[in-house]
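**Q** no FASTA, just this:
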């Protein structure tokens, strides 16, 4: 009996035990749960640090974005023998002059046409009141007066809140001027000393880490610059066509609305919607319902051409982000950091996607290495030691020389 039971027992113990498999799966699940918890905690801490240091981080981010626009002319001047400081200064002065010219062109138009828009708005309100009095609504004057009185009383009750908001707005305006001044200073140093950044990182991080840091930073810079240039081109096309339509229809503040359309184009999806809604509202108040509907049709047509033709062609090479990712990034950035967050959301998402793609490439590369997937004639790296590889020192020296060459060539990117 014992002889016949032994093979059965061995065969039974030779199979994987169910409890062992469940325990191993539980350990795997627990390990990855702890990993996810640690990543979530790190993300929470990073978000808290960003929120606390937002006053410092915001000028740096804006300066990096602006530097992607200012770097090409600066690089062109330095290649022609102009000193980096002079090239950066000339580029920055030209940029500020263009901004000042745009603002100088907008303000007089707003000041001259604001009273007319105010009168048209009053007439529009009176027309709405007359419409409410007629069929099918048939409101009485007392009901309209009560509604107006309710609104006025609410405004009076909120007087303290409005006053606080005014003072907060004044403080915000002062903070905005300080932030923009700091952005200009940072831009000057970024475009002047940018080529020295990657060699300095190589010295700090070492050769092995420096290769990866250089590759990621160069890709980030190319992606960010491509996004800004592409979005500027798309926004310019939108502003030209929508502005031309507004001018033909005789809508007031057409140049101002065109510039707002150009600026709003840098906030994908949301910015175009807000700028288009503002243009339709001005057309409705100033020119009536028919003109407003025509403006709405022009904006929808331009946005459809942009979304279905221009952006897929131009942005596919620069960002490679799905529309859902863009929408969620803009929503999250806008809800947390307001308009500035919505503006920076897509560049940050694009840069984060670059890091994720690079990590994926490295994982795929490691997964297909000879030590991971043995092939015919391959040797495991674990079997190679320094004593068995007398040429390892020469390989390291050659890798270092190659890295130095890459550092010099990467100065054109940063």
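**A** Right, received. Where do you want to start? Predicted model, so just to flag it, every value in this text is computed and none were measured.
**Q** which SS class is residue 135?
**A** Classification of residue 135 using DSSP: H, G, I helix; E, B strand; the rest coil returns coil.
**Q** how close does it sit to residue 215?
**A** 70 Å (CB to CB, to the nearest Å). In this view, the C-beta of every residue, glycine as well, is placed from N, C-alpha and C.
**Q** and those two? which has more neighbours close in?
**A** Set residue 135 next to residue 215 and count neighbours by other CB atoms under 10 Å: residue 215 wins out with 16 against 6.
**Q** right, and that one touches residue 355 too?
**A** No: with contact defined as CB atoms under 8 Å, residue 215 does not count as touching residue 355 (10.7 Å).
**Q** residue 260: neighbouring residues, count only.
**A** Using other CB under 10 Å, residue 260 has 21 neighbouring residues.
**Q** no, scratch that, I was asking about residue 355
**A** What residue 355 shows, counting by other CB under 10 Å, is a neighbour count of 12.
**Q** tell me the mean pLDDT for the strand or helix carrying it?
**A** Using DSSP states H and E, residue 355 sits within helix 323-367. For helix 323-367, the mean pLDDT works out to 82.
**Q** who are the packing partners of it?
**A** Helix 323-367 is packed against helix 54-79, helix 207-249, helix 270-287, with contacts defined by 3 or more CB pairs under 8 Å, 6 or more residues apart in numbering; DSSP states H and E.
**Q** list the buried ones in the shortest one?
**A** The neighbour-count check on helix 270-287 (16 or more other CB atoms under 10 Å) flags 270-272, 274-276, 278-280, 282-287 as buried.
**Q** run the angle between the helix or strand that comes right after that helix and helix 207-249 for me.
**A** Counting by DSSP H and E, the next helix or strand C-terminal to helix 270-287 is helix 289-305. Using axes from the mean of the first three to the mean of the last three CA atoms, to 10 degrees, the inter-axis angle of helix 289-305 relative to helix 207-249 is 150 degrees.
**Q** and for helix 289-305, what's in contact with it?
**A** The contact list for helix 289-305 (CB atoms under 8 Å, 6 or more residues apart in numbering) reads 238, 241-242, 245-246, 249-251, 272, 276, 279-281, 283-284.
**Q** how distant is it from the center of its chain?
**A** Centre-to-centre, helix 289-305 and its host chain are 27 Å apart (CA atoms, centre = their mean, to the nearest Å).
**Q** quick one: buried residues of it?
**A** Within helix 289-305, the residues scored as buried using 16+ other CB under 10 Å are 291-292, 294-296, 298-299, 302-303.
**Q** which one of those is nearest to residue 359?
**A** Using CB to CB, the shortest approach to residue 359 within the buried residues of helix 289-305 belongs to residue 303, at 35.0 Å.
**Q** follow-up on the earlier one: out of the buried residues of helix 289-305, who's nearest residue 57?
**A** Proximity of those to residue 57 (CB to CB) peaks at residue 303, which lies at 32.2 Å.
**Q** shouldn't residue 337 be in contact with residue 54?
**A** Yes: using CB under 8 Å, residue 337 makes contact with residue 54 at a distance of 7.3 Å.
**Q** assign a three-state SS to residue 82, would you?
**A** Once three-state DSSP is applied, residue 82 turns out coil.
**Q** return the residues in contact with residue 216.
**A** Residue 216 is in contact with 354-355, 358, counting by CB under 8 Å, 6+ apart.
**Q** what angle do whatever helix or strand residue 37 lives in and helix 54-79 make?
**A** Counting by DSSP H and E, the element that carries residue 37 is helix 18-52. Angle between the axes of helix 18-52 and helix 54-79 is 80 degrees (criterion: the same axes, to 10 degrees).
**Q** what's the angle between helix 18-52 and helix 323-367?
**A** Helix 18-52 runs at 120 degrees relative to helix 323-367, counting by the same axes, to 10 degrees.
**Q** who does helix 18-52 touch, helix- and strand-wise?
**A** For helix 18-52, not one helix or strand is in contact under the criterion 3+ CB pairs under 8 Å, 6+ apart.
**Q** pull the distance from it to the chain's centre.
**A** Its chain's C-alpha centre and that of helix 18-52 lie 28 Å apart, by CA atoms, centre = their mean.
**Q** cool, stretch 58-73 as well?
**A** Relative to the centre of its chain, stretch 58-73 is centred 13 Å away, using CA atoms, centre = their mean.
**Q** do the same with stretch 335-353
**A** On CA atoms, centre = their mean, the centre of stretch 335-353 falls 4 Å from that of its chain.
**Q** ok, residues contacting it?
**A** If you take CB under 8 Å, 6+ apart as the criterion, stretch 335-353 is touched by 54, 58, 61-62, 65, 220, 223-224, 227-228, 266-268, 270-271, 318-321, 325-326, 329-330, 332-334.
**Q** can you say which of those residues are buried?
**A** Using 16+ other CB under 10 Å as the burial test, the contacts of stretch 335-353 include 58, 61-62, 65, 220, 223-224, 227-228, 266-268, 270-271, 318-319, 321, 325-326, 329-330, 333-334 as buried.
**Q** can you tell me which residues contact residue 245?
**A** 294-295, 298.
**Q** should've said residue 53
**A** With CB under 8 Å, 6+ apart, residue 53 has no contacts at all.
**Q** for it, phi and psi?
**A** Note on residue 53: its backbone torsions stand at phi -100, psi 20 [degrees, to the nearest 10].
**Q** follow-up on the earlier one: save the buried residues of helix 289-305 as TSV, and put in pLDDT and distance to residue 48 too.
**A** Converted to TSV, the buried residues of helix 289-305 look like this (pLDDT from 0 to 100; distance: CB to CB, whole Å):
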residue	pLDDT	distance to residue 48
291	88	49
292	86	45
294	92	49
295	90	44
296	90	43
298	90	45
299	89	40
302	86	41
303	81	37
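**Q** now render those residues as a markdown table, adding distance to residue 366.
**A** Formatted as a markdown table, the buried residues of helix 289-305 follow (distance: CB to CB, whole Å):
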| residue | distance to residue 366 |
| --- | --- |
| 291 | 62 |
| 292 | 59 |
| 294 | 59 |
| 295 | 56 |
| 296 | 54 |
| 298 | 53 |
| 299 | 50 |
| 302 | 47 |
| 303 | 44 |
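**Q** ranges for the strands of the stretch 51-200 of the chain?
**A** Applying DSSP state E, counting those that start in this stretch to the stretch 51-200 of the chain gives no strands.
**Q** returning to what we had before: show me which pair in the contacts of helix 289-305 is furthest apart.
**A** Farthest pair in those (CB to CB) is 250 and 272. Separation: 22.9 Å.
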